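*Asks:* no sequence on this one, just coordinates:
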């Protein structure tokens, strides 16, 4: 698929921008309390958008820093971009961040590429054609019980307004799973389920650019993505529950119990 090839090209080029700034001054700014943006975010996004405009001038773009632009015709296609997912990690030189690029047409994510420049790991997928990391096929883990599963999560920027909910969910999974980790990059969290390094993930209040590429990669690796109640997932929704599939219903049960407290 030409859009996947292009997404890969864009992700690697934007990854080079991030590599350039890894050990340099990042010019950190605040978009809100604990919500950072750096010069790397801005330059990465400008590069991606510029190349999309050159190649596909009629396509829509939804990007973290500059928002929505371009055509409103869903049949043309939409590029959904996070130029640097894990900005806080990046600003502190904590090695868990990536570029995430998804391509949507008529309401369905067709393909995606997530590139981790620190580890030089490129996760890719095209709908119906499997998922890969650096060209090697991906398959989710075979963990079939939550108590033996490693789970990941993230905290939304506005978690202080929802701290009881967030802490209740976190505590519930601490009790029911083998362990819980907080990575700080939802796109990589989803890819880590796809590659079998972790078994599940949940988070509140993500944005389309956080999940667009990761969900097609995970689903093509055999995973499952829904909302907290197990209903179909939308990248424009406020809840994401992702897993290897086998522990999904247990995770739904845990979240329902946490919300009932």
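*Replies:* Yes, it's here. This structure is a prediction, so every number in the text was calculated from the model and none was measured.

*Asks:* for the rest of this, base every contact and every neighbour count on C-alpha atoms.
*Replies:* Fine.

*Asks:* what residues are up against the residue nearest to residue 131 when sequence neighbours are not counted?
*Replies:* Spatial nearest neighbour of residue 131, chain neighbours left out: residue 125 (4.3 Å); criterion: C-alpha to C-alpha, 6 or more residues apart in numbering. Applying C-alpha atoms under 8 Å, 6 or more residues apart in numbering to residue 125 gives the contacts 4, 111-113, 131-132, 216-217, 220.

*Asks:* after the host helix or strand of residue 125, which helix or strand is next?
*Replies:* Assigned by DSSP states H and E, residue 125 falls within strand 121-126. Counting by DSSP H and E, the element after strand 121-126 in chain order, helix or strand, is strand 131-133.

*Asks:* residue ranges of the helices in the stretch 101-250 of the chain, please?
*Replies:* Assigned by DSSP state H, counting those that start in this stretch, the stretch 101-250 of the chain shows helices spanning 163-176, 186-194, 208-220, 248-259.

*Asks:* quick one, the last one and helix 163-176 angle?
*Replies:* For helix 248-259 against helix 163-176, the angle between stretch directions is 140 degrees (axes from the mean of the first three to the mean of the last three C-alpha atoms, to 10 degrees).

*Asks:* now find how far off-centre helix 248-259 is within its chain.
*Replies:* Relative to its chain's centre, helix 248-259 lies at 21 Å (C-alpha atoms, centre = their mean, to the nearest Å).

*Asks:* who are the packing partners of it?
*Replies:* With contacts taken as 3 or more C-alpha pairs under 8 Å, 6 or more residues apart in numbering; DSSP states H and E, helix 248-259 sits against helix 163-176, strand 239-243.

*Asks:* again, but for the longest one
*Replies:* Contacts of helix 163-176 with other secondary structure elements, assessed using 3+ C-alpha pairs under 8 Å, 6+ apart, are made with strand 179-182, helix 248-259.

*Asks:* which one among the contacts of residue 125 gets closest to residue 179?
*Replies:* residue 217 (23.5 Å; C-alpha to C-alpha).

*Asks:* ok, the closest one - contacts?
*Replies:* 111-113, 123-126, 130-132, 190-191, 194.

*Asks:* and which of those is nearest residue 170?
*Replies:* Closest to residue 170, out of all of the contacts of residue 217 and judged by C-alpha to C-alpha, is residue 190, at 17.8 Å.

*Asks:* what's the distance between the closest one and residue 223?
*Replies:* 9 Å (C-alpha to C-alpha, to the nearest Å).

*Asks:* who has more neighbours out of those two?
*Replies:* Taking neighbours as other C-alpha atoms under 10 Å, residue 190 and residue 223 compare with residue 190 leading, 31 against 25.

*Asks:* report how many residues lie close to the residue lying closest to the more buried one once chain neighbours are set aside.
*Replies:* Of all residues beyond its chain neighbours, the one nearest residue 190 is residue 214 (5.3 Å), with distances taken as C-alpha to C-alpha, 6+ apart. Number of residues near residue 214 (other C-alpha under 10 Å) recorded here: 31.

*Asks:* domains in this protein, by residue range?
*Replies:* Per automatic domain parsing, the domain ranges recorded for the chain read 2-137, 146-259.

*Asks:* for the ones you listed, give me a markdown table that also has mean pLDDT.
*Replies:* Formatted as a markdown table, the domains of the chain follow (pLDDT from 0 to 100):
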| stretch | mean pLDDT |
| --- | --- |
| domain 2-137 | 92 |
| domain 146-259 | 95 |
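
*Asks:* most packed of those?
*Replies:* Counting by mean count of other C-alpha atoms under 10 Å, domain 146-259 has the highest mean neighbour count of these, with a mean of 21.

*Asks:* what's the span of that domain, first residue to last?
*Replies:* So domain 146-259: terminal residues 18 Å apart, C-alpha to C-alpha.

*Asks:* how far does that domain sit from its chain's centre?
*Replies:* 11 Å.
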